[in-house]
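Enquirer: structural data only, the sequence is not supplied:
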């Protein structure tokens, strides 16, 4: 039997999904999409999971779409119909991006190497991105005559502004992880020797926090990007109304008043 294209491990309440096509820099194929979708759905359904880490095996996080995959390979037949890459976006990348943004737990991208094209978009769609210092981000689409996809056109300007988004997307230049942190593209760049420990520590910390509140925070911040100030204030009231009726709020306040560690259980 062939090795799984997504490796799943669990430590406590933290589940790690590792893309596993290291010889191809974990680039996407239709089969990898299907296995990752199933792994994400399984994590969402498992109440024992309170934080999810996405990473890659080998020397890359994900190099984006495998251009040798029949789903995107150009049709070389003279006069034949062109390959519809938009269909691939609709069938695979759009569901993937929406699935990651809607997971009921915080999601950490652990970028261990190059994150290019749709691989960069996948990392940036996560709630927090930690990158090893040797890692890099590449908006490779311009080199093959395409636009950033997998959410890239939405994510880039919101993370780094229009000027930087266009600079990255038009040139396709490699952006080292340290510069990505300075630019505000990612949360943190850490030395390679400290990378695994930083990822594990952050994931464990998030898993011990009030997960339902963290996920609501993601939703509220994303929604506020499209709202005026008054509407954003109203949306905050909506979430506080819901969350203040949940056990984690009661536990958090009780623990604060009793000066003891809180034990959160909502998800």
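Expert: Structure's in. What do you need? Keep in mind that what you see is a predicted model, and the values were worked out from it rather than measured.
Enquirer: if you count neighbours, what's buried in the helix or strand harbouring residue 95?
Expert: Per DSSP states H and E, residue 95 falls inside helix 94-101. Using 16 or more other CB atoms under 10 Å as the test for burial, helix 94-101 gives 96-97, 100. Any C-beta I mention is one placed from the backbone N, CA and C, and that applies to glycine too.
Enquirer: turn these into JSON lines, including distance to residue 259 and pLDDT.
Expert: Shown next, in JSON lines, are the buried residues of helix 94-101 (distance: CB to CB, whole Å; pLDDT from 0 to 100):
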{"residue": "96", "distance to residue 259": "44", "pLDDT": "97"}
{"residue": "97", "distance to residue 259": "42", "pLDDT": "96"}
{"residue": "100", "distance to residue 259": "37", "pLDDT": "97"}
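Enquirer: kindly indicate which of the residues you listed lies nearest residue 17.
Expert: For the buried residues of helix 94-101, the minimum distance to residue 17 (CB to CB) is 10.6 Å, reached by residue 100.
Enquirer: show me the contacts for the nearest residue to that closest one once chain neighbours are set aside.
Expert: Nearest residue to residue 100, sequence neighbours excluded (CB to CB, 6 or more residues apart in numbering): residue 125, at 4.9 Å. Residue 125 sits next to 97, 100-101, 150-151, 155 when contact means CB atoms under 8 Å, 6 or more residues apart in numbering.
Enquirer: can you pull the contacts of the residue nearest to residue 18 when sequence neighbours are not counted?
Expert: The shortest distance from residue 18 to any non-neighbouring residue, by CB to CB, 6+ apart, is to residue 7 (4.4 Å). Each residue near residue 7 by CB under 8 Å, 6+ apart is listed here: 17-18, 20, 57.
Enquirer: try it again with 10 Å
Expert: Contacts here follow CB atoms under 10 Å, 6 or more residues apart in numbering; on that basis residue 7 touches 16-20, 35, 39, 55-57.
Enquirer: okay if I get the buried residues of helix 94-101 as CSV plus distance to residue 169?
Expert: What follows is these, written out as CSV (distance: CB to CB, whole Å):
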residue, distance to residue 169
96, 20
97, 17
100, 20
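Enquirer: residue 33 is in contact with residue 27, isn't it?
Expert: No: counting by CB atoms under 10 Å, residue 33 does not reach residue 27; the two are 11.1 Å apart.
Enquirer: please say which of the two ends up with more neighbours.
Expert: Legend: neighbour count by other CB atoms under 10 Å for residue 33 and residue 27, higher for residue 27 (23 against 20).
Enquirer: contacts only, for that one.
Expert: Counting by CB under 10 Å, 6+ apart, residue 27 has contacts 19, 21, 56, 60, 62-69, 116-119.
Enquirer: re earlier: helix or strand for the residue nearest to residue 18, which one?
Expert: Element membership of residue 7 [criterion: DSSP H and E] is strand 6-11.
Enquirer: quick one: list the elements packing against the helix or strand just after that strand.
Expert: Going down the chain from strand 6-11, the next helix or strand is strand 14-19, by DSSP H and E. Packed against strand 14-19 by the contact rule (3 or more CB pairs under 10 Å, 6 or more residues apart in numbering; DSSP states H and E) you find strand 6-11, helix 30-45, strand 51-56, strand 60-62, strand 107-111, helix 192-207.
Enquirer: and strand 14-19, average pLDDT?
Expert: The average pLDDT within strand 14-19 is 98.
Enquirer: given that strand, what are its sheet partners and their directions?
Expert: strand 6-11 (antiparallel), strand 51-56 (parallel) (DSSP bridges).
Enquirer: just to revisit the earlier point, what's the spacing between the residue nearest to residue 18 and residue 19?
Expert: Computed with CB to CB, to the nearest Å, the distance linking residue 7 and residue 19 is 8 Å.
Enquirer: who touches both of those two?
Expert: 35, 39, 55-57.
Enquirer: for the stretch 51-200 of the chain, which spans come out with low pLDDT?
Expert: 75-76 (pLDDT under 70).
Enquirer: can you give me the strands for it?
Expert: 51-56, 60-62, 107-111, 114-116, 128-132, 136-138, 174-176, 188-190 (DSSP state E, counting those that start in this stretch).
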